[in-house]
Structures are given as C-alpha cells and as structure tokens.
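Colleague: Pasting the sequence and the predicted model now:
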Amino acid sequence: MSESDLRAWKDRPFELLQELERRSRAAAIGSDTPGGSADEWVGVAFRIGSNHLLASREEVREVLPIPTSTRVPGAIYWIRGLANVRGLLLPLTDMRAFLDSESSRDTRTTRVLVVNHRQIPTGLIVDEVMGFRRFADSERAPASEVAGHDYNAFITGAYSRDGEVSPVIGLTALVESERFLQAAE
C-alpha cells in the first residue's frame, strides 16, 4: 500500500491508526528493535548483590532511578514504600531483602524494574541494570546449569554465553507468589 492508499482512511482516523500500527509492527520484524527476531530471546540484565540475572523484556515495563517513596506503616521489611510515578502509586520492593533477607543500599547504579503486570503494579529495586541482552535459541542453557541457585523458586530458565550462565527470573511468578503477596508484618 502506498501513501495514497492511506488517504482512503482520512475520514476513519481509528482505522488509520490501526493500519499505521500494523505497518509499524511489520516493519519492525527482523529489524534491530528489541524482540525483533523470532529466533532470539530478549531480556533485561540486572544484578542483585553478586547475582547476575535476566528478566524477560515482556515482563519489564520500564527501568527507573529510585523515586522518592513514603514508608508504609505495618509493611514487611522488604517493602521500601510507595512512590508516585506519573500519578500511579507504585509499591517498591527491595529485591535483595526479599530474596536474601539482607537490605540493599541505594547507590548511583541502583534502579527500579517496573513489572509489567496489570493487577499487581510494583517496582523491584535492584542493585544495577546492565540493559538489554539478546540470546539466540542455541544459547539456552539446560536447567541443570541453574539447579540449586539461591533464587531457584523463581527461575524459569537460563542462557549461557562465553562460559557465563545467567538465570532468568520470572517476574510474573515472583509478584504472584504467596510470599510476595503477604506484605504485612
């Protein structure tokens, strides 16, 4: 379809937007955008303590610097507080405290991973975010490579590159877990 074909939708703006979105998605397949190729997995690399981990790109809505938050009375020790992020009240969870029972310290590299979950909006505080990582299907590591990992209850897979195995944490499973949902002391 050409530009002149788009003019046919001038009186139907909603359909025009849908067609533009369809074309944009079709153009992005195979391009250098995150998640562009069907035979690769794209994740967000981050660190909690000395653990280098991955989360699926689809499970991370955005990455933020630590916002100002308000402590919630009666909340369990790993709930850092509530932050107002563009009008959305976002509970902040200290991931190191949740997973290791040791509170993290805010540094210049500390970030918040905002989980892409409709019913449970939350921000997970991590020590550092290293950015997107792309892995070919051939780089998928066997489950035995991460068996016995400290965070085993939430690990959904792993990828290996240059001899380093990076576990994938399922953020949806984590925020839907019984322990995570019991945030009151």
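Modeller: Perfect, I can see it now.

Colleague: would Arg23 count as being in a helix?
Modeller: Yes: remark: Arg23 belongs to a helix, assigned using DSSP: H, G, I helix; E, B strand; the rest coil.

Colleague: Against Leu17, how distant is it?
Modeller: From Arg23 over to Leu17 the distance is 11 Å, taken as Cβ to Cβ, to the nearest Å. (C-beta placed from N, C-alpha, C; glycine too.)

Colleague: And the strands in the chain?
Modeller: 40-48, 51-56, 60-65, 79-85, 88-94, 111-115, 123-126, 128-136, 155-161, 164-169 (DSSP state E).

Colleague: Taking strand 111-115 as reference, get the angle to the last one.
Modeller: Between strand 164-169 and strand 111-115, the angle formed by their directions is 50 degrees, by axes from the mean of the first three to the mean of the last three Cα atoms, to 10 degrees.

Colleague: now swap in the second one and tell me
Modeller: Here strand 51-56 runs at 30 degrees with respect to strand 111-115, directions being taken by the same axes, to 10 degrees.

Colleague: From the contact counts, what lies against strand 51-56?
Modeller: Under the contact criterion of 3 or more Cβ pairs under 8 Å, 6 or more residues apart in numbering; DSSP states H and E, strand 51-56 touches strand 40-48, strand 164-169.

Colleague: mind listing what the residue nearest to Asp39 when sequence neighbours are not counted touches?
Modeller: Nearest residue to Asp39 in three dimensions, chain neighbours excluded: Asp137, at 5.5 Å (Cβ to Cβ, 6 or more residues apart in numbering). Residues near Asp137 by Cβ atoms under 8 Å, 6 or more residues apart in numbering: Asp39, Glu40, Trp41.
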